[in-house]
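A.B. asks: mind looking at a prediction? Sequence and model below.
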Amino acid sequence: MAARAGVSASTVSRVLGGTYPVAKETRSRVLRAMRELDYVVNAHARALGGAANKTVAFVVDDVTGPFYAHIARGVEEQAAAEGRLCMLCTTHGDPQRVFAVVETMREQRADAVIVVGGAWDDKPYQDRMTHFAHALDRAGSRLVLVGRPPLGKGVPATVVDYDNEGGAFAMTTHLISSGRRRVAYLGRVPGLSTSSQRIKGFVRAHEMLGVSHDEALMVDGTFTRSFGYQGMRELVASGADFSAVFAATDMVAAGALQALREDGVRVPEDVAVAGYDDIPTALDVYPALTTVNIPHEELGRAAVRLALHRDQFPDSQHQVFGTHVVVRASTRRSGD
């Protein structure tokens, strides 16, 4: 392009960077050559050269998950309002992929890297995330953790969380207080912070109400509809005695509802079913699902706003949003 414009490569670089004065006629020749050659600025090269990228990266396990999708909407809306481009990155549940994406975004000088979803209880993993938080901070960027615990005191990261344990406590209390004293928990994921917090709330509610929880009714699995279906079929086939099911997520609950229906178990007459997340699926299943509401879009908006304006809100870099139980037909007995 320099040859086309009749200037040196350094002059082209000055025009593209916009950081040094260039004669008006020379600038016009370079811009005309760009149009003629259909030239597109290399974002990576500009990032390495120190130019801001005006980008917010959104890092999730699975782009198809409704939980992530609704947080993503909040991120995208706030990023657009702030004049930033939102870049979506998926990790497919691979921690090594998380590290690779965060490192790439650091090199690209993204304004913020927003990592969404539970963290694994693994010290090497936490240590590496701490390293990246500091690396991003040195590069003028910011690590944002959404729906996962802080990395520790002094780590330069923004944390936007919700009352995960409190939501599970409230839901379990609702189920037991309605007379369902044998509550199965479907979808425990050992070592995942999201699961650990929900189990903590589940157990605490039993203890507060003086009801013992049966470890045999705690079913390990994943946060998927397919697990909810299979796990529920196996629990029914085992002959276990339970009067309610607290599913780890609404997707798990959707699978469980199908399994119960196929096995001739009436919901809520025989077994009450509850979920967690309050995604649109909760209204689409039959009967409509009692669940814990999470303010998904508010989480996304706050993640962008706090990260980009952290100098204005230095004391608000760890926010926890409230959750609440939404009661629907899947837990209501006749006459309730």
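C.D. replies: Perfect, thanks for sending it.

A.B. asks: who are the neighbours in contact with F246?
C.D. replies: By C-beta atoms under 8 Å, 6 or more residues apart in numbering, the contact list for F246 reads 168, 171-172, 175, 183-186, 202, 274, 276. Backbone N, C-alpha and C define where each C-beta goes, glycine included.

A.B. asks: now, among those, which is nearest to D111?
C.D. replies: Y276 (31.5 Å; C-beta to C-beta).

A.B. asks: returning to what we had before: would you turn the contacts of F246 into JSON lines with neighbour count?
C.D. replies: Output for the contacts of F246, formatted as JSON lines (neighbours: other C-beta atoms under 10 Å):
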{"residue": "A168", "neighbour count": "27"}
{"residue": "M171", "neighbour count": "29"}
{"residue": "T172", "neighbour count": "28"}
{"residue": "L175", "neighbour count": "25"}
{"residue": "V183", "neighbour count": "24"}
{"residue": "A184", "neighbour count": "25"}
{"residue": "Y185", "neighbour count": "26"}
{"residue": "L186", "neighbour count": "27"}
{"residue": "F202", "neighbour count": "23"}
{"residue": "A274", "neighbour count": "30"}
{"residue": "Y276", "neighbour count": "30"}
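
A.B. asks: am I right that E76 is in contact with R84?
C.D. replies: No: the criterion here is C-beta atoms under 8 Å, and E76 misses it with R84 at 9.5 Å.

A.B. asks: distance of V30 from G6?
C.D. replies: Counting by C-beta to C-beta, to the nearest Å, the gap from V30 to G6 is 9 Å.

A.B. asks: more neighbours: those two, which one.
C.D. replies: Legend: neighbour count by other C-beta atoms under 10 Å for V30 and G6, higher for V30 (22 against 11).

A.B. asks: give me the pLDDT for the more buried one.
C.D. replies: pLDDT recorded at V30 is 70.

A.B. asks: only alpha carbons, please: show the helix or strand where it lies as PDB.
C.D. replies: Assigned by DSSP states H and E, V30 belongs to helix 24-37. Written as PDB, here are the backbone C-alpha positions of helix 24-37 (Å, rounded to 0.1, in the frame of the first residue of the first chain):
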ATOM      1  CA  LYS A  24      -3.200  16.600   4.600                       C
ATOM      2  CA  GLU A  25      -2.300  15.800   1.000                       C
ATOM      3  CA  THR A  26      -0.200  12.800   2.100                       C
ATOM      4  CA  ARG A  27      -3.000  11.500   4.300                       C
ATOM      5  CA  SER A  28      -5.400  11.800   1.400                       C
ATOM      6  CA  ARG A  29      -3.100   9.700  -0.800                       C
ATOM      7  CA  VAL A  30      -2.800   7.000   1.800                       C
ATOM      8  CA  LEU A  31      -6.600   6.800   2.400                       C
ATOM      9  CA  ARG A  32      -7.200   6.700  -1.300                       C
ATOM     10  CA  ALA A  33      -4.800   3.800  -1.700                       C
ATOM     11  CA  MET A  34      -6.600   2.000   1.200                       C
ATOM     12  CA  ARG A  35      -9.900   2.300  -0.600                       C
ATOM     13  CA  GLU A  36      -8.500   1.200  -3.900                       C
ATOM     14  CA  LEU A  37      -6.800  -1.900  -2.300                       C
END
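
A.B. asks: which helices and strands does that helix pack with?
C.D. replies: In terms of contacts (3 or more C-beta pairs under 8 Å, 6 or more residues apart in numbering; DSSP states H and E), helix 24-37 is packed against helix 2-5, helix 9-17.

A.B. asks: quick check: the nearest residue to F169 once chain neighbours are set aside vs D311, distance?
C.D. replies: Excluding the flanking residues, the one nearest F169 by C-beta to C-beta, 6 or more residues apart in numbering is G201, at 3.7 Å. Distance of G201 to D311, given as C-beta to C-beta: 35 Å.
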